[in-house]
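**Student:** Fold the following for me, if possible:
(chains A, B, C and D)
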2 protein chains.
Amino acid sequence: MEHDHIATAPTETATRARTRRAILDAAVTVLSANHGASLADVAEAAGVGRTTVHRYFAERSDLVAALGADVRERLQEATVRARVDEGPAPKALERLCLEYFELGDRLMLLFDVPQFLSWAGFEEETDSDRVLVRLIERGQAEGTVDAEADAEWLQNVLWSLLYAAWMQARDYGTPRHTALTSCLHTVRKAMAAS
Amino acid sequence: MEHDHIATAPTETATRARTRRAILDAAVTVLSANHGASLADVAEAAGVGRTTVHRYFAERSDLVAALGADVRERLQEATVRARVDEGPAPKALERLCLEYFELGDRLMLLFDVPQFLSWAGFEEETDSDRVLVRLIERGQAEGTVDAEADAEWLQNVLWSLLYAAWMQARDYGTPRHTALTSCLHTVRKAMAAS
DNA sequence: CAGAAATGGAACAGCGGTGTTCCGTTGTGG
DNA sequence: CCACAACGGAACACCGCTGTTCCATTTCTG
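**Tutor:** I've put the predicted structure just below:
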């Protein structure tokens, strides 16, 4: 046994950090396109040997877990950037959409492979999820967001529309900017107070 | 070789028709829950031997193809039942949502595994898809549906929301009726003329 | 009830992905 | 420049799924 990839305390080399990122990024691309892709596919996409992938992530589940952690981290950062507590709720929701949309393929993983986050993070509800629900509830209290709809449902609506927009940009040739604009338009209408 | 499962002309026995349905139904359930499920899983869910599954569908791809055909057929029937050409577009859209929602797990397959339909049916756009787009365009011409949004985008919106609603009923404990009501509410708002 | 239809299950070979080991090669940093 | 870290690739055993064959058993049907 005696794996050298656990990367514990000793300052992880810059080299290692780079290849690690390359693998994770490739994994996002490959796995978001095909959930059942083999590790060889990931390795090839990362421009790395299959062995090396195993050096960094002993088992497939380890890669998935790391992927989950990575996505969750970026989600967290995006949430912070959106400054959800500032200004009217609808504007904050737009900022949030914008930031989340930038997550790109990682968005697909979040949606398609709930195991990624539930498992890896163990927590069913991400921090970001809670932030989003609270934002919606704030809007409902403000009277700027539809209070007739359940906050959790509206949360799902937002995710679904983001997913739809990204898929439209990915599978159909729609330019990302166009898809995002449509998405924001619909989100605005769907969430607006009645 | 000499397979007896091709089920050509000779009036398919009632028995065979029943087990065939059992397998297809089980496949919908199992595969919608887990795309990578084995044929043994499908067989077990259908209360049938793995051998029997292969007797009806020689290869996995044959099962998938039959599944695609089945789903497309039901989609077609649902579309007819919705009488999309009658009355104002928004009402017709609601009827369509209602019918599509009843497709249940089959909905997930439609969404999650586009290959199912694209492949099997070979046609990228289902008949039902075209009907939906035309309905939306009719509404836009009538002035009863948001004309600022692209019809194809609104089509995706409807599918996404249906998906979200079904998922909410499936994964979270939300009663189907509640989920459907929320869904219709949001669809109405999202599609409404601005 | 007898024959045919339909099924279940065991058993088998083949395939592809996985996880691991070993060793030779590259390249990075002190 | 030289030692050590990092990597690539071949090779291996293992496992689960697949597709197929064969035969015994159950279940329709005339």
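
**Student:** Please tell me how far residue A:89 sits from residue A:139.
**Tutor:** 3 Å (CB to CB, to the nearest Å). For every residue, glycine as well, the C-beta is placed using N, CA and C.

**Student:** what is in contact with the two at once?
**Tutor:** Counting by CB atoms under 8 Å, 6 or more residues apart in numbering or on different chains, the contacts common to residue A:89 and residue A:139 are residue A:145.

**Student:** For chain A, list the residues in contact with DNA strand D, please.
**Tutor:** Listed as neighbours of DNA strand D in chain A under the rule CB under 7 Å from any atom of the strand: A:4, A:12-13, A:15-16, A:19, A:47-52, A:55-56.

**Student:** for the residues you listed, which one is nearest residue B:24?
**Tutor:** residue A:50 (37.9 Å; CB to CB).

**Student:** The longest helix along chain A close to chain B?
**Tutor:** Assignment by DSSP state H gives helix A:60-81 as the longest helix of chain A. No. Judged by CB under 8 Å from any CB of the partner chain, helix A:60-81 and chain B are separated, with a smallest distance of 12.8 Å.

**Student:** Give the buried residues for stretch A:125-140.
**Tutor:** A:126, A:128-129, A:131-133, A:135-140 (16 or more other CB atoms under 10 Å in any protein chain shown).

**Student:** With respect to residue A:35, which of the residues you listed is nearest?
**Tutor:** Nearest to residue A:35 among the buried residues of stretch A:125-140, with distances taken as CB to CB, is residue A:126, at 19.9 Å.

**Student:** That closest one reaches residue A:74, doesn't it?
**Tutor:** No. Between residue A:126 and residue A:74 there is no contact under CB atoms under 8 Å: 11.5 Å.

**Student:** Moving C-terminal from the helix or strand that contains residue A:94, which element do we reach first?
**Tutor:** Element membership for residue A:94, per DSSP states H and E: helix A:89-101. Remark: after helix A:89-101, the chain's next helix or strand is helix A:105-112, criterion DSSP H and E.

**Student:** which helices and strands sit right next to that next one?
**Tutor:** helix A:14-33, helix A:60-81, helix A:114-121, helix A:151-170 (3 or more CB pairs under 8 Å, 6 or more residues apart in numbering or on different chains; DSSP states H and E).

**Student:** repeat that for 6 Å
**Tutor:** Here helix A:105-112 touches helix A:14-33, going by 3 or more CB pairs under 6 Å, 6 or more residues apart in numbering or on different chains; DSSP states H and E.

**Student:** tell me which residues in the helix it packs on are buried?
**Tutor:** So for helix A:14-33, counting by 16+ other CB under 10 Å, buried means A:19-20, A:22-24, A:26-32.

**Student:** Mind splitting chain A into its structural domains?
**Tutor:** A:1-58, A:68-191 (automatic domain parsing).

**Student:** Which of the ones you listed has the highest mean neighbour count?
**Tutor:** domain A:68-191 (a mean of 18; mean count of other CB atoms under 10 Å in any protein chain shown).

**Student:** what mean pLDDT would you report for the helix holding residue A:94?
**Tutor:** Across helix A:89-101, the average pLDDT comes to 98.

**Student:** is that helix up against chain B anywhere?
**Tutor:** No. For helix A:89-101 and chain B, the contact criterion (CB under 6 Å from any CB of the partner chain) is not met; the two come no nearer than 13.5 Å.

**Student:** Mind listing residues that contact that helix?
**Tutor:** Helix A:89-101 is contacted from outside by A:78, A:81-82, A:84, A:135, A:138-139, A:142, A:144-145, A:162, A:180, A:184, A:187, using CB atoms under 6 Å, 6 or more residues apart in numbering or on different chains.

**Student:** mind checking which helix or strand of chain A has the lowest mean pLDDT?
**Tutor:** helix A:114-121 (a mean of 60; mean pLDDT, DSSP states H and E).

**Student:** Would you mind identifying the next helix or strand past that one?
**Tutor:** Using DSSP H and E, the helix or strand that follows helix A:114-121 in sequence is helix A:127-142.

**Student:** Tell me what angle that following helix forms with helix A:89-101.
**Tutor:** Counting by axes from the mean of the first three to the mean of the last three CA atoms, to 10 degrees, helix A:127-142 lies at 160 degrees to helix A:89-101.

**Student:** Give the rounded mean pLDDT of helix A:127-142.
**Tutor:** According to the model, helix A:127-142 has a mean pLDDT of 96.

**Student:** what's that helix in contact with?
**Tutor:** With contacts defined as CB under 6 Å, 6+ apart, helix A:127-142 is touched by A:75, A:79, A:84, A:89, A:92, A:145, A:147, A:151, A:154-155.

**Student:** just to revisit the earlier point, closest to residue B:38 among the buried residues of stretch A:125-140?
**Tutor:** So of these, ranked by how close each gets to residue B:38 (CB to CB), first place is residue A:126, at 31.1 Å.

**Student:** Now the phi/psi pair for that closest one, please.
**Tutor:** The phi/psi pair for residue A:126 (degrees, to the nearest 10) reads phi -70, psi 160.

**Student:** OK, contacts around it?
**Tutor:** Going by CB under 6 Å, 6+ apart, residue A:126 touches no other residue.

**Student:** and if you look at residue A:81?
**Tutor:** Listed by CB under 6 Å, 6+ apart, the contact set of residue A:81 reads residue A:99.

**Student:** could you check the distance from it over to chain B?
**Tutor:** 25 Å (CB to the nearest CB, to the nearest Å).

**Student:** Ok, residue A:187 next?
**Tutor:** Distance from residue A:187 to chain B, by CB to the nearest CB: 9 Å.

**Student:** can you give me the angle the helix or strand that residue falls within makes with helix B:151-170?
**Tutor:** Assigned by DSSP H and E, residue A:187 falls within helix A:176-191. Orientation note: helix A:176-191 sits at an angle of 60 degrees relative to helix B:151-170 (the same axes, to 10 degrees).
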